[in-house]
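> Curious how this folds, go ahead:
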Amino acid sequence: MREIVDAADLVEITTICIDKELPQDERRSEFMRQVKDMHNYKSETMTVRAVYAKDGTTIEDCLRGILY
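Numbering: from 1, shown residues only. The predicted model follows:
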């Protein structure tokens, strides 16, 4: 069952600021700390919810279908 998330509780991804001088794993950790939930966040006027299927269409195939 999928958890219902209140959009008011989500982090606005455009406000995340990462020190580019940090090593890559520390930058990744800092992003995760700030975004809190990488599967649910806001991006300006959109609420983003990333859901992955065990079997199904790949993101590459989806983008190919949109672009070509």
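> For the residue nearest the centre of the chain, give me its contacts.
The C-alpha lying nearest the average C-alpha coordinate of the chain belongs to Met38 (CA atoms, centre = their mean; 4.3 Å). Shown in contact with Met38 (CB atoms under 8 Å, 6 or more residues apart in numbering): 31-32, 50. To be clear about C-beta, it is placed using only N, CA and C from the backbone, and glycine gets the same treatment.
> how does it look with 10 Å?
Contacts of Met38 were listed using CB atoms under 10 Å, 6 or more residues apart in numbering, and they are 11, 13, 31-32, 48, 50.
> Buried subset of those residues, written for ChimeraX?
Restricted to buried positions by 16 or more other CB atoms under 10 Å, the ChimeraX selection for the contacts of Met38 reads:
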select :11,13
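> With secondary structure, distance to Leu22 and pLDDT as added columns, please give the contacts of Met38 in TSV.
What follows is the contacts of Met38, written out as TSV (DSSP: H, G, I helix; E, B strand; the rest coil; distance: CB to CB, whole Å; pLDDT from 0 to 100):
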residue	secondary structure	distance to Leu22	pLDDT
Val11	coil	19	95
Ile13	helix	18	93
Phe31	helix	10	94
Met32	helix	13	94
Val48	strand	24	89
Ala50	coil	24	84
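> If anything else comes up later, I'll come back, but that's it for now.
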